[in-house]
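Participant: below are the sequence and a predicted model; questions follow.
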Amino acid sequence: MSNTLQETQGRKGRPITDNDAQDITRIEELSYDLRIFEVMSREVFTLAPAQTMREGIELLRVKRISGAPVVADGQLVGILSTEDLMRALTQNDLNAPIRNYMTVNVISVKSYEPVVKAIETFTRTNIGRLPVTNEKDELVGMITKGDITRGVLVAIRKDYKEEEIRRYRVRHLFEDITSDRTSLILRYQIKPRDFVNGGQASSHIKRAMLRLGATAQLARQCGIAVYEAEMNLIIHTTNGGILRVQIEPHRILMQTTDDGPGIPDVNKALQPGWSTAPQEARNMGFGAGMGLVNIKSCVDKMEIFSGAGKGTRLMMEIHLRPEEKFSAAEGTEEPGI
């Protein structure tokens, strides 16, 4: 059976906020990420409406299954369950066509729906197996709770292996490179007023650091600092700016530059609660005047070079403790920030 358009699209990641992530396990997340076609059984034993109930009993006995979908011209038209067979046996009517006893109002799921939809259906109906159809209502498989369990376990193993491979490649990519100074450079163009994508760059940076082997605390510190710097570019600049992070074995250098209106009084900008954010940003919950304060609390060194009409350059530095230092000098050589 060929895959549908939705099937060929594969997994569709569900965006999860930091608050959500504290309460959602990887298994729960997979129930949303995995599509039913990824875990369902594609080998389906079917019956036709004109076959006899005796033939139905024989199929279920030989295949050791508790039910079978009834298909006509590729379309799911019913399902024959053990309860249906018992009714026929009670009436000694095993030569009757299956259409006389099959369940017509079939509960099914779509192949492109998330696995969580099948789980919800199992819970609501207490059914042991569900037919799976595509957007044309053609039968493409069957799914059981066992299929879901196996599919989730396979996905977890695959995720683990892929993550280990990614981490290994990143950590060992530049081991054979010899240089006086080696660093990994991450550079992002940040657009002004782009609140929809605000925080994406800092999220990418945090994830990259974790894959490089950074501790969770170090990744969090760096993540907060670059998030606040990123949002400052979005909120306060005219044309956006550049966010640049340089990761070295012993330190992390972060910098934002822009050609915006600049900061008339840097000392005031460093005071908690002082803000020049426009009303648009305030209405969305930004611009509370704590950005630079939060940055300062997360870094070992912070410098601001700015003036009215001169743009702004913000430089931040985190010194790595011995247990935080990266094992190898990962990255590409480039002059310091």
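Facilitator: That came through, no problem. Only a predicted model underlies this, so the values are computations on that prediction, with no experimental measurement involved. Numbering: from 1, shown residues only.
Participant: please look at residue 131 and residue 111 and confirm they touch.
Facilitator: No. Using CB atoms under 8 Å, residue 131 makes no contact with residue 111, being 10.3 Å away. Just so you know, the C-beta spots here come from the backbone N, C-alpha and C atoms, and that holds for glycine as well.
Participant: between those two, which contacts overlap?
Facilitator: Between them, residue 131 and residue 111 share these contacting residues under CB atoms under 8 Å, 6 or more residues apart in numbering: residue 141.
Participant: tell me the mean pLDDT for the helix or strand hosting residue 231?
Facilitator: With secondary structure defined by DSSP states H and E, residue 231 is part of helix 216-236. Mean pLDDT, computed over helix 216-236, is 90.
Participant: next one: it to chain centre, how far?
Facilitator: Centroid displacement of helix 216-236 relative to its chain, using CA atoms, centre = their mean, to the nearest Å, is 21 Å.
Participant: now swap in stretch 130-144 and tell me
Facilitator: Distance of stretch 130-144 from the chain centroid (CA atoms, centre = their mean) equals 26 Å.
Participant: burial measure for residue 53, as a count.
Facilitator: Neighbours of residue 53 under the rule other CB atoms under 10 Å: 24.
Participant: residue 87 is in contact with that one, correct?
Facilitator: No. Contact criterion CB under 8 Å: residue 53 and residue 87 do not qualify, at 9.1 Å.
Participant: shared neighbours, those two?
Facilitator: Taking CB under 8 Å, 6+ apart as the contact rule, residue 53 and residue 87 both touch residue 101.
Participant: and what about residue 303, helix, strand or coil?
Facilitator: strand (DSSP: H, G, I helix; E, B strand; the rest coil).
Participant: does the residue lying closest to it once chain neighbours are set aside have beta-bridge partners, and which?
Facilitator: Closest residue in space to residue 303, ignoring its immediate chain neighbours: residue 315 at 4.5 Å, by CB to CB, 6 or more residues apart in numbering. Taking DSSP bridges as the rule, residue 315 bridges to residue 255, residue 303.
Participant: number the residues from 41 up from this point.
Facilitator: With the count now opening at 41, the last piece we talked about shows up as residue 355.
Participant: how much space is there between residue 355 and residue 281?
Facilitator: Using CB to CB, to the nearest Å, we find residue 355 at a distance of 13 Å from residue 281.
Participant: low pLDDT regions in this protein?
Facilitator: Counting by pLDDT under 70, the chain contains low-confidence ranges at 41-66, 68-69, 202-221, 324-325, 363-377.
Participant: go ahead and list the helix or strand containing residue 102.
Facilitator: Residue 102 belongs to helix 93-103 when elements are defined using DSSP H and E.
Participant: so which elements touch that helix?
Facilitator: For helix 93-103, the contact count by 3 or more CB pairs under 8 Å, 6 or more residues apart in numbering; DSSP states H and E identifies strand 107-112, helix 122-130 as packing neighbours.
Participant: quick check: which element contains the closest residue in space to residue 341 that isn't next to it in sequence?
Facilitator: Closest residue in space to residue 341, ignoring its immediate chain neighbours: residue 357 at 4.1 Å, by CB to CB, 6+ apart. Using DSSP H and E, residue 357 sits in strand 352-359.
Participant: tell me the buried residues in that strand?
Facilitator: Residues of strand 352-359 classed as buried: 352, 353, 354, 355, 356, 357, 358 (neighbour count, 16 or more other CB atoms under 10 Å).
Participant: how much space separates the residue lying farthest from the centre of the chain from residue 94?
Facilitator: Largest separation from the mean C-alpha position in the chain: residue 132, at 54.6 Å (CA atoms, centre = their mean). Distance from residue 132 to residue 94, counting by CB to CB: 11 Å.
Participant: residue 233 too?
Facilitator: Relative to residue 94, residue 233 is positioned 72 Å away (criterion: CB to CB).
Participant: that older thread, residue contacts, the residue nearest to residue 341?
Facilitator: When contacts are counted by CB under 8 Å, 6+ apart, residue 357 touches 291, 292, 293, 294, 339, 340, 341, 342.
Participant: redo those as JSON lines? Include neighbour count and distance to residue 75.
Facilitator: JSON lines is the format used below for the contacts of residue 357 (neighbours: other CB atoms under 10 Å; distance: CB to CB, whole Å):
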{"residue": "291", "neighbour count": "17", "distance to residue 75": "43"}
{"residue": "292", "neighbour count": "27", "distance to residue 75": "38"}
{"residue": "293", "neighbour count": "19", "distance to residue 75": "42"}
{"residue": "294", "neighbour count": "26", "distance to residue 75": "39"}
{"residue": "339", "neighbour count": "20", "distance to residue 75": "42"}
{"residue": "340", "neighbour count": "13", "distance to residue 75": "46"}
{"residue": "341", "neighbour count": "12", "distance to residue 75": "48"}
{"residue": "342", "neighbour count": "18", "distance to residue 75": "46"}
